[in-house]
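A.B. asks: structure for the following, please:
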Amino acid sequence: MVPLTINCWPSVSGNETFVSIEYEPSSLFDLRNVMISAPLPALREPPSVRQIDGEWRYDSRNSILEWSILLIDNSNRSGAMEFVVPPADSSSFFPISVWFSATSTYSELKVVNILPLKGGAPPKFSQRTQLVTENYQVV
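C.D. replies: Sure, this is the predicted structure:
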């Protein structure tokens with residue numbers, strides 16, 4: 001029951017490594033500001049991104065490919081990115097780090113009322129429910 005499943009398949013063919021990364025979220029959540037960050041081997045040139053659902057950015061200083069999706073909802077419950085780099089060991093693409101937020105949680109717990117300690121009328125209040133990642137990795 002993880003909120004987002006990530007699969008990564010690197011495969012070497014000749015003098016290139018083809019990498020396919022796919023996401024599939026739980027149907028319980030609409031995810032916002034999703035960032036999937038994959039480490040890459042040291043490269044002279046940026047990776048060749050052949051297909052992507054969303055946007056990408058190559059951080060050459062840290063040798064990381066960042067894939068961002070603003071919103072994952074019923075219109076895009078799955079997505080993929082494919083890119084090519086020079087030959088590399090498959091372990092160089094892990095761990096993949098993931099960040100996202102959602103406006104609902106597993107428990108659906110809500111505050112319905114606040115009672116003052118010393119009696120009197122309940123104060124007005126507002127609430128915001130949010131699920132956020134602190135450390136979410138695919139190893």
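
A.B. asks: quick one, strands of this protein?
C.D. replies: Secondary structure of the chain by DSSP state E: the strands cover 4-13, 16-25, 31-39, 48-52, 55-59, 64-72, 79-85, 96-102, 131-132, 137-138.

A.B. asks: just checking, which helix or strand of this protein averages the lowest pLDDT?
C.D. replies: Ranked by mean pLDDT, DSSP states H and E, the weakest helix or strand in the chain is strand 131-132, scoring a mean of 91.

A.B. asks: list the residues that contact residue 8.
C.D. replies: By C-beta atoms under 8 Å, 6 or more residues apart in numbering, the contact set of residue 8 is 19-22, 38, 93-94, 96, 138. Glycine gets a C-beta too; all of them are placed from N, C-alpha and C.

A.B. asks: widest-spaced pair of the residues you listed?
C.D. replies: Across the contacts of residue 8, no pair lies farther apart than 22 and 94, at 14.9 Å, counting by C-beta to C-beta.

A.B. asks: tally of neighbours for the residue nearest to residue 48 when sequence neighbours are not counted?
C.D. replies: If the residues on either side of it in the chain are set aside, residue 48 comes closest to residue 84, at 4.5 Å by C-beta to C-beta, 6 or more residues apart in numbering. As a burial measure, residue 84 scores 13 neighbours (other C-beta atoms under 10 Å).

A.B. asks: many thanks, have a good one.
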